[in-house]
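Participant: task: produce atomic coordinates for the following.
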Amino acid sequence: MAAASEPIATPLRSSVLAPLGGAAITAFGVFVNAQAAVLIFAVFALAGAIARRVTPTSRAFSVRSRGVDIAVLGFLGLALALLGLTTPLG
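Facilitator: Okay, here's the model as predicted:
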């Protein structure tokens with residue numbers, strides 16, 4: 001049983017689950033629907049921007065400023081959404 005002070009998502013779990021999730025979405029795009037996979041990546045990028053905005057500074061691992069992270073993830077999410085909705089993919 002986990003101790004009460006242990007965080008829910010440890011860095012090791014996150015570093016293993018994030019690439020596996022990306023690979024699963026990529027496989028979904030290859031075998032099922034590329035447009036849906038691009039839109040899923042867009043949603044995750046926008047969710048990352050929102051998560052970075054609401055996470056307290058003391059709990060976030062930050063190399064860049066919060067504003068840069070939010071701007072980059074937001075732009076990436078919007079660009080992926082636009083491309084996913086307007087580009088004919090297979």
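
Participant: so the residue nearest the centre of the chain is in which element?
Facilitator: Central residue of the chain (C-alpha atoms, centre = their mean): residue 44, 3.8 Å from the mean position. Using DSSP states H and E, residue 44 falls within helix 34-54.

Participant: in that helix, what counts as buried?
Facilitator: 34-35, 37-42, 44-46, 48-49, 52 (16 or more other C-beta atoms under 10 Å). All C-beta atoms are positioned from the backbone trio N, CA, C, and that covers glycine.

Participant: residue 71: which of those residues is nearest?
Facilitator: Using C-beta to C-beta, residue 49 comes nearest to residue 71 of the buried residues of helix 34-54, at 8.2 Å.

Participant: now the closest residue to residue 45 other than its chain neighbours: how far from residue 84?
Facilitator: Of all residues not flanking residue 45 in the chain, residue 77 sits nearest, at 3.5 Å (C-beta to C-beta, 6 or more residues apart in numbering). If you measure residue 77 against residue 84 using C-beta to C-beta, to the nearest Å, the figure is 10 Å.

Participant: what does residue 10 give?
Facilitator: Distance, residue 10 to residue 84, by C-beta to C-beta: 32 Å.

Participant: cool, and residue 71?
Facilitator: Where residue 84 is concerned, residue 71 sits at a distance of 20 Å (C-beta to C-beta).

Participant: same thing with residue 29?
Facilitator: Taking C-beta to C-beta, one finds residue 29 at 10 Å from residue 84.

Participant: which residues are in contact with each of these two?
Facilitator: Both residue 29 and residue 84 are in contact with residue 38, where contact means C-beta atoms under 8 Å, 6 or more residues apart in numbering.

Participant: gap between residue 87 and residue 58?
Facilitator: Residue 87 is 40 Å from residue 58, by C-beta to C-beta.

Participant: which residues touch the residue nearest to the centre of the chain?
Facilitator: residue 77.
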